[in-house]
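Enquirer: Build me a model from this:
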Amino acid sequence: MRSGTILDTGPIVAYLYRRDAHHDWAVDAFGDLDAPVITCEPVLTEACFLIERNRWPATRVLEYALESEMRIGLRVETEMAAVCALMRRYANVPMSLADACLVRLAEMTDLPICTLDRDFAIYRTSQRQPLQLITPPAPRALHEP
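Expert: Below you'll find the model as predicted:
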């Protein structure tokens with residue numbers, strides 16, 4: 001397997017936004033991610049939107065991407081047919097453009113995806129293999145006495 005990690009929207013927002021419920025996890029996880037960190041433009045678009053919705057400047061996302069030397073690992077234009085096929089396959093979920101791009105990146109690179117999105121446990125590669133995921137631990141169930 002090649003070295004690197006694919007990065008989804010949720011962890012980026014959690015890392016940058018201290019009030020996010022997963023902020024501490026994201027800070028710890030980002031310290032352990034294998035370089036290079038790879039994402040796609042739809043993920044950056046989503047992260048900018050969510051950061052702005054929390055009344056922070058969207059430029060924080062792009063500044064972080066520059067500082068961390070994040071790579072854009074997929075051109076939607078060249079992978080559009082494969083991305084579209086994934087979105088059709090998972091239309092019942094439904095699969096976003098960003099998620100489809102990340103699954104396609106995982107198919108192309110065999111790298112794990114760092115995500116908060118539980119839908120990635122449903123998604124499979126074109127060979128029907130589960131994706132390798134880096135996620136926060138599932139919350140512990142409360143037991144009644």
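Enquirer: Quick check: V76 touching R104?
Expert: No - counting by CB atoms under 8 Å, R104 is not a contact partner of V76; they are 9.3 Å apart. (Each C-beta comes from the backbone N, C-alpha and C, glycine too.)
Enquirer: Have a look at these two and say which one is more surrounded.
Expert: Taking other CB atoms under 10 Å, V76 and R104 do not tie; R104 has more neighbours (22 against 15).
Enquirer: so what's the more buried one up against?
Expert: Contacts for R104 were tallied using CB atoms under 8 Å, 6 or more residues apart in numbering; they are L74, E79, A82, V83, L86.
Enquirer: Which helix or which strand is home to the fourth one?
Expert: In this case it means V83. Secondary-structure element containing V83, defined by DSSP states H and E: helix 76-89.
Enquirer: got the buried residues for that helix?
Expert: When burial is assessed from 16 or more other CB atoms under 10 Å, helix 76-89 yields the following buried residues: E79, A82, V83, L86, M87.
Enquirer: cool, stretch 118-128 as well?
Expert: For stretch 118-128, by 16+ other CB under 10 Å, it's F120, Y123, R124.
Enquirer: and what of stretch 7-20?
Expert: For stretch 7-20, the neighbour count (16+ other CB under 10 Å) marks L7, D8, T9, G10, P11, I12, V13, A14, Y15, L16, Y17, D20 as buried.
Enquirer: Now for T5, how many residues are close by?
Expert: The local packing of T5 (other CB under 10 Å) involves 22 other residues.
Enquirer: circling back to that earlier point, ok, so of the buried residues of stretch 118-128, who is nearest S3?
Expert: Checking these against S3 with CB to CB, the nearest one is F120 at 20.4 Å.
Enquirer: So for the closest one, what's the pLDDT?
Expert: According to the per-residue confidence, F120 scores 96 in pLDDT.
Enquirer: List the contacts of it.
Expert: Neighbours of F120 in contact, by CB under 8 Å, 6+ apart: D8, D99, L102, V103, I113, L131, L133, T135.
Enquirer: Three-state assignment for it, please.
Expert: Reduced to three states with DSSP: H, G, I helix; E, B strand; the rest coil, the structure at F120 is helix.
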